[in-house]
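[1] give me coordinates for this.
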Amino acid sequence: MIKSVFAATAALSMSAGAALAGPYVNVETNAGWVGDDYSAATTDLHVGYEGDLGAASYYVQAGPAIIAVDGEESETQFSGKAGVGVPVTDQLGVYGELSFLTADDSDNNGYGGKLGVKYSF
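    Below is the predicted model of the structure:
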């Protein structure tokens, strides 16, 4: 169950697209519930860098992740993500992200991926 929460948290994490090139700090909490039953939250304390590659934008970020599972002691692991966004037209863009979250046993590290399309009106 805990591995599923970590993997889902990593897969659902997403930061805003690049606006200006350069370093940044991103603090983000992702929490989960089933019905009204809280299960866990992961808070990322990341340092990152974003920029442009031609028309595309990218970011990379990593840092400690504080994992708070309901009813258990919090633990700290390491997490990170990298993403790219590419405009297809003025109103349509595609994006992708890869993420990871370490675990005490390296066989149980969590990995996530995201692909999406965004249409602006």
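
[2] quick one: G96 and V25, what's the gap?
    23 Å (C-beta to C-beta, to the nearest Å). All C-beta atoms are positioned from the backbone trio N, CA, C, and that covers glycine.

[3] scratch that, A31 is what I was asking about
    According to C-beta to C-beta, A31 stands 20 Å off from V25.

[4] who's more crowded, the two?
    Here A31 and V25 are set side by side on neighbour count (other C-beta atoms under 10 Å), and the busier one is A31, at 14 against 10.

[5] the more buried one should be in a strand, yeah?
    Yes: looking at A31 with DSSP: H, G, I helix; E, B strand; the rest coil, it is inside a strand.

[6] so it touches T43, yeah?
    No: between A31 and T43 there is no contact under C-beta atoms under 8 Å: 9.1 Å.

[7] let me know the pLDDT of the residue nearest to G85 when sequence neighbours are not counted.
    Using C-beta to C-beta, 6 or more residues apart in numbering and skipping residues adjacent in sequence, the residue nearest G85 is Y95, 4.1 Å away. pLDDT for Y95: 98.

[8] which element is Y95 on?
    For Y95, the host element (DSSP states H and E) is strand 92-101.

[9] other SSEs contacting that strand?
    Other helices and strands packing on strand 92-101, by 3 or more C-beta pairs under 8 Å, 6 or more residues apart in numbering; DSSP states H and E, are helix 2-12, strand 75-87, strand 110-119.

[10] just the buried positions in the last one, please.
    Residues of strand 110-119 classed as buried by neighbour count (16 or more other C-beta atoms under 10 Å): G110, G112, K114.

[11] go on, stretch 26-44?
    Buried-residue list, stretch 26-44, by 16+ other C-beta under 10 Å: N26, E28, N30, G32, S39, A40, A41, T42, T43, D44.

[12] surely the fourth one touches A40?
    Translated: G32. Yes: assessed by C-beta under 8 Å, G32 is found in contact with A40 at 5.7 Å.

[13] quick one: contacts for T89?
    Shown in contact with T89 (C-beta atoms under 8 Å, 6 or more residues apart in numbering): no residues.

[14] thanks a lot, catch you later.
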